[in-house]
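Colleague: Quick one, what's the 3D model for this:
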Amino acid sequence: GGGGAYMTCSNDAGGPNITPPDTVTFTAVAHDGAHANYTFDDTYGPGKVGSSLTYTQDYTTADSGKDVAVTVAAANATTPVACGTALHVNTTTNSCGVTLEPIITPDDPRVTPGGSTVIRWHNDNAASCTISRNGVSNWANSSGCVVDDSKTDSGISAATTYCITCDNDTGNTACTTVNVGGLEFEEF
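Modeller: Numbering: from 1, shown residues only. Modelled structure (predicted):
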C-alpha cells in the first residue's frame, strides 16, 4: 500500500525560452518501482515510447513561436508529469537578425468591380514570407532577409483580404483589405 510508483522529469533548456537552433534533452527519473514503457508526450514533436528515460528534440527557426510542453508517464505511473517548465521558442532570432513586423498595403484600397490593384509588401529580417488571399495561402511567396515585393491582383469583384505571414509565425502577420465599389468616390 502507501505511495507507489511515480515519475519526475526535467529539461536542460536553461530557462523558459529557447533560441533556435537549439537541442533540448528531457530527462525522466523513475521512482519507487516505476517501470517501462515510458511515454514522452510532446505538444509538437513526435514523442517517444520505450525503455529510454531521455527524449531529445531539435528546435529550428521553423518552430518559432511555438510553446513546447513535454510530459512523461510510466507503464505503472500513468499520470503524466511535466518535464520541467513549458518552453517557448523565440521568434527574435533567425539568420537575418531580429524580425520586425511586416507591412502589406494595396496601391488602391478601393477598386471598381472587376478592377485590379497592386499589392505591395515589405519585411525586415524574416527568412521567408507567404502572402495569402482571402485565407488561401501561398498566393505569393518571398524569401530573403529584406524583401520589397509586389503582385497585381485583377478581377477583384468583392472585398479581398491579403495577409503576409513571415517565418511561419502567426504573431508576425499583417493584413490589408481591398474594397470594391463605393459610388461616392466616382466623378461624373
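Colleague: Run through the residues that contact the residue nearest the centre of the chain.
Modeller: Residue closest to the mean C-alpha point of the chain, counted by C-alpha atoms, centre = their mean, is Asp169 at 3.9 Å. Residues in contact with Asp169 (C-beta atoms under 8 Å, 6 or more residues apart in numbering) are Ser64, Gly65, Thr91, Thr99. All C-beta spots, glycine's among them, are computed from the backbone N, C-alpha and C.
Colleague: Number of residues surrounding Asn37?
Modeller: Using other C-beta atoms under 10 Å, Asn37 has 12 other residues around it.
Colleague: er, Val72 actually
Modeller: By other C-beta under 10 Å, neighbour count at Val72 equals 27.
Colleague: Where does the prediction get shaky in this structure?
Modeller: By pLDDT under 70, the weakly predicted segments of the chain are 1-2, 92-95, 97-98, 170-171, 182-188.
Colleague: Now that we have the contacts of Asp169, which of them are buried?
Modeller: Ser64, Gly65, Thr91, Thr99 (16 or more other C-beta atoms under 10 Å).
Colleague: Please compute how far the helix or strand encompassing Thr165 lies from its chain's middle.
Modeller: If you go by DSSP states H and E, Thr165 is part of strand 160-166. On the basis of C-alpha atoms, centre = their mean, to the nearest Å, strand 160-166 is displaced by 15 Å from the centre of the chain it belongs to.
Colleague: on that earlier part again, return the member of the contacts of Asp169 nearest to Thr23.
Modeller: Nearest to Thr23 among the contacts of Asp169 is Ser64, at 15.7 Å by C-beta to C-beta.
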